[in-house]
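> here is my input, please return the structure:
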Amino acid sequence: MVEWSAEEPGPLVRPYVHTGGRTDCTGEELDVSALLSAIPGTDGHGLSLSAAAVRELCVEPVSLAEIAAALECPISVTRVLVGELVDQGMLRLAAPRTDRPDVSFMERLRNDVRNL
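Numbers count the residues shown, from 1 in each chain. Have a look, this model is predicted:
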């Protein structure tokens, strides 16, 4: 990413410019902790600069929140960009684990540790 100094703040780009005016992604709602990775062998030719930057960040698995932070973009904008790339088959989505341990098990474990 380009660094801007305080004397030269750089150009202001509205969020809708990154998404081509789109505000909704066509797929399911993406969690901020969802891991994304680029699918090897897919051609990124013809992507917008923002979409190409997202794809480049996903060479290694990275979360949606990390992509938004790296691009300095709102999560909503990043969701649209990522959703488009997932729909096009350029990114693989690995949803975060949602299975939580049983609360009673965690309480027993805590009590056992305290008793040590």
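> dump stretch 61-68 to PDB, keeping only the CA atoms.
This file holds the C-alpha atoms of stretch 61-68, laid out as PDB (Å, rounded to 0.1, in the frame of the first residue of the first chain):
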ATOM      1  CA  PRO A  61      -4.900 -17.600   4.200                       C
ATOM      2  CA  VAL A  62      -6.100 -14.300   5.700                       C
ATOM      3  CA  SER A  63      -9.200 -13.200   7.500                       C
ATOM      4  CA  LEU A  64     -11.800 -10.700   6.100                       C
ATOM      5  CA  ALA A  65     -10.900  -8.300   9.000                       C
ATOM      6  CA  GLU A  66      -7.200  -8.500   8.000                       C
ATOM      7  CA  ILE A  67      -7.900  -7.700   4.400                       C
ATOM      8  CA  ALA A  68     -10.000  -4.700   5.400                       C
END
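> same for the helix or strand residue 76 falls within, what does it pack against?
Secondary structure assignment for residue 76, by DSSP states H and E: helix 75-87. For helix 75-87, the packing partners by 3 or more Cβ pairs under 8 Å, 6 or more residues apart in numbering; DSSP states H and E come out as helix 15-19, helix 49-57, helix 64-71, strand 91-94. Yep, even glycine has a C-beta here, placed from its N, CA and C like the rest.
> let's have those in CSV, adding mean pLDDT, mean neighbour count and distance to residue 116.
Listed next are the helices and strands packed on helix 75-87 as CSV, based on pLDDT from 0 to 100; neighbours: other Cβ atoms under 10 Å; distance: least, Cβ to Cβ, whole Å:
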stretch, mean pLDDT, mean neighbour count, distance to residue 116
helix 15-19, 51, 17, 52
helix 49-57, 85, 18, 43
helix 64-71, 90, 18, 36
strand 91-94, 87, 16, 36
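> closest one to residue 31 among the ones you listed?
Ranking those by proximity to residue 31 (Cβ to Cβ) places helix 64-71 first, at 7.0 Å.
> what's the closest one packed up against?
Using 3+ Cβ pairs under 8 Å, 6+ apart: helix 64-71 touches helix 49-57, helix 75-87.
> SS state for residue 40?
coil (DSSP: H, G, I helix; E, B strand; the rest coil).
> per-residue confidence at it?
Note on residue 40: pLDDT of 85.
> count of residues packed around it?
Other residues lying near residue 40 total 7 when counted by other Cβ atoms under 10 Å.
> thank you, goodbye.
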